[in-house]
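1. All I have is the shape, not the residue letters:
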Ligand SMILES: [Zn+2]
Ligand SMILES: [Zn+2]
């Protein structure tokens, strides 16, 4: 999930595994077909799937600003507590924006657009594409391309942000773990070569809705800043409220969403349990199962990438799945995919 737009050059051929793109026949998972184990594609090679030259300087600069500015905003709102009366309204705005944009990433960018865990009409697709864009994690097409590549190569060469597959000279001891964590968490954003969009997201480029929202990405980022500013002004009736509503609900909220999302890439490939057999190091981590609205049940997700439900036990809270189930009951989405009991049993680890 970088911040810039990748080039569109490259092959137009989709050769990603069916488990990532959900291109197997409708209902296959419910009938117990295999899903997700054979998703490494080493034979096709790493370099063949990304553009040469590393991360372009312009994208590095945009990424640097997007990573650093939220910390500056946090310092300003903390300093402001000594200057102006603190309003609980700002925390409410921040939490509301965090929950909505975080679910925009999980339900929208990840489960709908990356893995096609359910299908939706144009208005619903537009809603989730726009809401996910407000999380400031890059344009939809770029985000999905990088995440599909992560599943294709997970924890092997070619994975954009694996803590296990980069810089093996740093792989020993505590410093190695810290470096792996840093690289998977945020370092990869500055080193990753742009991913070939036409190869990884031809479906999103061909869809007028997702193509439009991706091309107008920065407008949605702007709207995600204007909404909390407007709420701050309306709820406090002051211009200070506009400014602090913007800071709390915009960049400070972005800081929280970013680092919780990035923990799925870093923490959830390092620490947690592995209830299912997968060929990578993905982990179920309860902390991020809750904080990331279900995304932290990451071992289950790698075992069943197209499943709309990641919390595959009654006690594994999965807010994104509750949102998806609610939309299904409302009749506004269809073809919600869930692994069959036979698939679950086949992949469950017994030791
Ligand atoms: Zn992963
Ligand atoms: Zn995924």
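-> Good, I have the coordinates. In this text the structure is predicted, and so the values were computed from the model without any measurement. Ligands and ions are numbered 1, 2, ... in the order given.

2. hey, let's count contacts and neighbours off CA atoms from now on
-> Will do.

3. burial count for residue 210?
-> Using other Cα atoms under 10 Å, residue 210 is surrounded by 23 other residues.

4. Residue 297 against residue 309, yeah?
-> No. Under the criterion of Cα atoms under 8 Å, residue 297 lies out of contact with residue 309, with a separation of 9.4 Å.

5. Which one's more surrounded, these two?
-> For residue 297 and residue 309, the more surrounded residue by other Cα under 10 Å is residue 297, and the numbers stand at 32 against 27.

6. nearest spatial neighbour of that one, skipping sequence neighbours?
-> The shortest distance from residue 297 to any non-neighbouring residue, by Cα to Cα, 6 or more residues apart in numbering, is to residue 284 (4.2 Å).

7. what's the one you found sitting at in phi/psi?
-> Note on residue 284: its backbone torsions stand at phi -90, psi 120 [degrees, to the nearest 10].

8. Quickly find the element holding the closest residue to residue 122 other than its chain neighbours.
-> Leaving aside its sequence neighbours, residue 122 sits nearest to residue 209 (Cα to Cα, 6+ apart; 6.6 Å). Using DSSP states H and E, the secondary-structure element containing residue 209 is helix 208-215.

9. residues making contact with that helix?
-> With Cα atoms under 8 Å, 6 or more residues apart in numbering as the contact definition, helix 208-215 has outside contacts at 122, 125-126, 129-130, 139-141, 204-205, 220.

10. do that again at 7 Å, thanks
-> If you take Cα atoms under 7 Å, 6 or more residues apart in numbering as the criterion, helix 208-215 is touched by 122, 126, 129-130, 139-141, 204-205.

11. Quick one, which of these are buried?
-> Neighbour-count burial (16 or more other Cα atoms under 10 Å) applied to those gives 126, 129-130, 139-141, 204-205.

12. So, low pLDDT: which residues of this structure?
-> Low-confidence regions of the chain, defined here as pLDDT under 70, cover residues 1-53, 167-171, 351.

13. on that earlier part again, pull out the buried positions in the helix holding residue 209.
-> Along helix 208-215, the positions that meet the burial threshold by neighbour count (16+ other Cα under 10 Å) are 209-214.

14. Check stretch 309-320 too.
-> Within stretch 309-320, the residues that count as buried by 16+ other Cα under 10 Å are 309-312, 316-320.

15. Give me the contact list for that stretch.
-> Contacts for stretch 309-320 (Cα under 7 Å, 6+ apart): 103, 106-107, 289-290, 293-295, 297, 300-301, 321, 338.

16. Check stretch 179-186 too.
-> 161-164, 170, 262-263, 265-266.

17. Spit out the contact partners of residue 111.
-> Contact criterion Cα under 7 Å, 6+ apart gives 117, 308 as the residues in contact with residue 111.

18. check contacts around the residue nearest to residue 297.
-> 268, 272-274, 296-300.

19. let's go with 6 Å and repeat that
-> Contacts here follow Cα atoms under 6 Å, 6 or more residues apart in numbering; on that basis residue 284 touches 272-273, 296-299.

20. Leaving aside the residues adjacent along the chain, what's closest to residue 200?
-> Of all residues beyond its chain neighbours, the one nearest residue 200 is residue 145 (5.1 Å), with distances taken as Cα to Cα, 6+ apart.

21. so is the closest residue to residue 267 other than its chain neighbours in a helix, a strand, or just coil?
-> Among residues not flanking residue 267 along the chain, residue 181 sits closest, at 7.2 Å (Cα to Cα, 6+ apart). With DSSP: H, G, I helix; E, B strand; the rest coil as the basis, the three-state label of residue 181 is helix.

22. Look up how far residue 348 lies from residue 181.
-> Taking Cα to Cα, to the nearest Å as the measure, residue 181 and residue 348 are separated by 27 Å.
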